[in-house]
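Student: below: sequence and its predicted model.
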Amino acid sequence: LTGRIMSQRMDREHPLWEMWVVDGLAAGRWALVTKVHHCMADGIAGTRLYDVMCNGGSEKQDTSHRADWFRFPLDQAKIAVDLLRRPDRVLSALQGLASYGASLLPTPPTSLIGHVGRQRRYGLARASLSEVKDVSKAFRVTVNDVVLAAVSGAYRQLLLARGDRPTAGSVRTFVPVNVRDHDSHDVDNQISAMLAMLPVDVEDPAERLRVVHDRLSGLKTGKQALAGAAVVSLARHEIYAPVAWTIRLAAHLPHRSITTVTTNVPGPRQPFTFLGHEILEIFPYVPIGVRLRTGIAVLSYHDKLTFGVTADFDAVPDTNILATGVEREIANLVAAAERIGPMTRVRHLATVRSCARR
């Protein structure tokens with residue numbers, strides 16, 4: 001049902017959001033399918049809408065950046081002055097753009113890239129957030145590292161099942177990055193991105209996690225997200241039409257460098273209620289397009305981690321391989337973390353504390 005709802009193009013004659021009520025589910029449950037166009041809100045903003053709907057709160061929105069055209073020259077002059085005062089930001093942004101350039105090399109052709117139709121499939125995977133955090137602590141990596149390692153393993157399984165060879169450079173994913181200030185309450189789009197090569201060629205789950213961690217650390221050092229944030233910031237202060245023309249032109253260029261999209265959004269930490277009913281689960285959805293036949297969205301809610309797999313209906317009838325593959329890979333990483341043993345973790349913690357005392 002979610003796949004069918006998301007396949008329908010939104011009516012441009014009405015506000016670009018929809019909310020579908022789904023009743024008659026097992027055990028007397030019912031659900032909401034919320035659909036918001038990406039031009040209105042990104043994933044972080046979407047999760048903030050839950051707080052407004054479920055807790056009756058009212059998010060403060062900063063509208064100071066919505067200046068009219070008469071302010072554009074002043075805004076641009078201010079940006080120029082800020083850049084002159086902080087040349088290190090300019091150098092960091094240039095470094096990030098150079099890193100982007102190196103990441104735009106074409107990937108080998110696989111069945112994951114190609115024509116995308118209008119119909120969608122949707123698959124689900126579940127994991128324990130506490131178990132994923134235990135894995136991240138055991139291997140001294142981030143939760144996002146663990147998520148991308150599991151996604152890498154799932155794509156490896158899909159490629160093998162299709163008879164494709166999972167080579168070192170066959171799957172590059174677009175990873176959105178939140179660039180909001182910590183105190184920002186905007187409900188809009190404020191994201192940048194990193195382009196990460198998934199190690200689908202690595203067979204061992206623990207080794208795959210290490211490679212993911214090293215690659216993401218390298219991308220952060222390369223300032224990719226910072227460069228994207230600088231471009232987004234500048235675009236806010238430009239006249240809309242030229243920016244739109246540039247984006248449309250880029251969308252029609254040959255697309256061979258990105259295979260999929262993987263987005264990880266932190267959701268509500270506490271359980272929510274809606275109309276007096278406890279919300280049991282929240283599943284994310286990420287749109288696909290251009291030539292990307294699959295995408296995976298990840299969302300944490302209370303003590304759960306959920307994965308929503310979006311796929312082209314005709315090109316990816318085996319969507320379940322990705323969904324079950326994610327769950328299997330997380331189970332493999334949990335088992336690998338348990339094999340490390342508690343004494344290893346204790347010794348590591350003691351070493352850190354000893355170094356801190358010195």
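Tutor: Perfect, I can see it now.
Student: phi and psi next, for residue 113.
Tutor: phi -120, psi 140 (degrees, to the nearest 10).
Student: run a quick check on it versus residue 290, I expect a contact.
Tutor: No - using C-beta atoms under 8 Å as the test, residue 113 is too far from residue 290 to be in contact (9.4 Å). In this view, the C-beta of every residue, glycine as well, is placed from N, C-alpha and C.
Student: which one's more surrounded, these two?
Tutor: residue 113 (24 against 12; other C-beta atoms under 10 Å).
Student: just the pLDDT for the closest residue to that one other than its chain neighbours.
Tutor: Spatial nearest neighbour of residue 113, chain neighbours left out: residue 291 (5.1 Å); criterion: C-beta to C-beta, 6 or more residues apart in numbering. Residue 291 is assigned 88 on the pLDDT scale.
Student: neighbours of residue 291, just the number please.
Tutor: For residue 291, using other C-beta under 10 Å, the count is 16.
Student: again with the one 10 residues further on
Tutor: Applying other C-beta under 10 Å, we find 23 residues neighbouring residue 301.
Student: separation between it and residue 108?
Tutor: Taking C-beta to C-beta, to the nearest Å as the measure, residue 301 falls 36 Å from residue 108.
Student: read off the pLDDT value for residue 44.
Tutor: 69.
Student: over to residue 52?
Tutor: 73.
Student: now it: which helix or strand?
Tutor: Secondary structure from DSSP states H and E places residue 52 in helix 43-55.
Student: kindly report the same for residue 18.
Tutor: Per DSSP H and E: strand 17-22 holds residue 18.
Student: can you name every helix or strand that the next helix or strand after that strand contacts?
Tutor: Going down the chain from strand 17-22, the next helix or strand is strand 31-36, by DSSP H and E. Under the contact criterion of 3 or more C-beta pairs under 8 Å, 6 or more residues apart in numbering; DSSP states H and E, strand 31-36 touches helix 2-7, strand 17-22, helix 43-55.
Student: can you tell me which of the ones you listed is nearest to residue 121?
Tutor: helix 2-7 (5.0 Å; C-beta to C-beta).
Student: now what about that closest one, what contacts it?
Tutor: By C-beta atoms under 8 Å, 6 or more residues apart in numbering, the surrounding residues in contact with helix 2-7 are 18, 20, 33, 35, 118-122, 283, 285, 287, 310, 313.
Student: related to what we said a few turns ago, what is the strand holding residue 18 packed up against?
Tutor: So strand 17-22, by 3+ C-beta pairs under 8 Å, 6+ apart, packs with strand 31-36.
Student: so for stretch 195-209, mean pLDDT?
Tutor: Here stretch 195-209 scores 95 as its mean pLDDT.
Student: flag the shaky bits of the stretch 151-300 of the chain, pLDDT-wise.
Tutor: Applying pLDDT under 70 to the stretch 151-300 of the chain flags residues 178-192, 221-256.
Student: for residue 317, see how far away the residue nearest to residue 303 when sequence neighbours are not counted is.
Tutor: With sequence-adjacent residues excluded and distances taken as C-beta to C-beta, 6+ apart, residue 303 is closest to residue 129, at 5.3 Å. According to C-beta to C-beta, residue 129 stands 30 Å off from residue 317.
Student: these two: which is more packed in?
Tutor: Taking neighbours as other C-beta under 10 Å, residue 129 and residue 317 compare with residue 129 leading, 17 against 11.
Student: which parts of the stretch 151-300 of the chain are helices?
Tutor: Along the stretch 151-300 of the chain, the segments classed as helices by DSSP state H, counting those that start in this stretch run 205-221, 224-235, 240-251.
Student: against which helices or strands is the longest one packed?
Tutor: Packed against helix 205-221, as judged by 3+ C-beta pairs under 8 Å, 6+ apart, are the following elements: helix 129-139, helix 143-162, strand 191-197, helix 319-340.
Student: could you export the last one as CSV, CA atoms only?
Tutor: Read that as helix 319-340. This file holds the C-alpha atoms of helix 319-340, laid out as CSV (Å, rounded to 0.1, in the frame of the first residue of the first chain):
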residue,chain,number,x,y,z
THR,A,319,13.3,-5.9,-2.9
ASN,A,320,13.0,-8.4,0.0
ILE,A,321,16.6,-9.4,-0.5
LEU,A,322,17.7,-5.9,0.6
ALA,A,323,15.3,-5.8,3.6
THR,A,324,16.2,-9.3,4.9
GLY,A,325,19.8,-8.7,4.1
VAL,A,326,20.0,-5.6,6.4
GLU,A,327,18.5,-7.6,9.3
ARG,A,328,20.9,-10.5,8.6
GLU,A,329,24.0,-8.2,8.5
ILE,A,330,23.1,-6.5,11.7
ALA,A,331,22.7,-9.9,13.4
ASN,A,332,26.2,-10.8,12.0
LEU,A,333,27.7,-7.6,13.5
VAL,A,334,26.0,-8.2,16.8
ALA,A,335,27.5,-11.7,16.9
ALA,A,336,30.9,-10.3,15.9
ALA,A,337,30.7,-7.7,18.7
GLU,A,338,29.9,-10.4,21.2
ARG,A,339,33.0,-12.4,20.1
ILE,A,340,35.2,-9.4,21.0
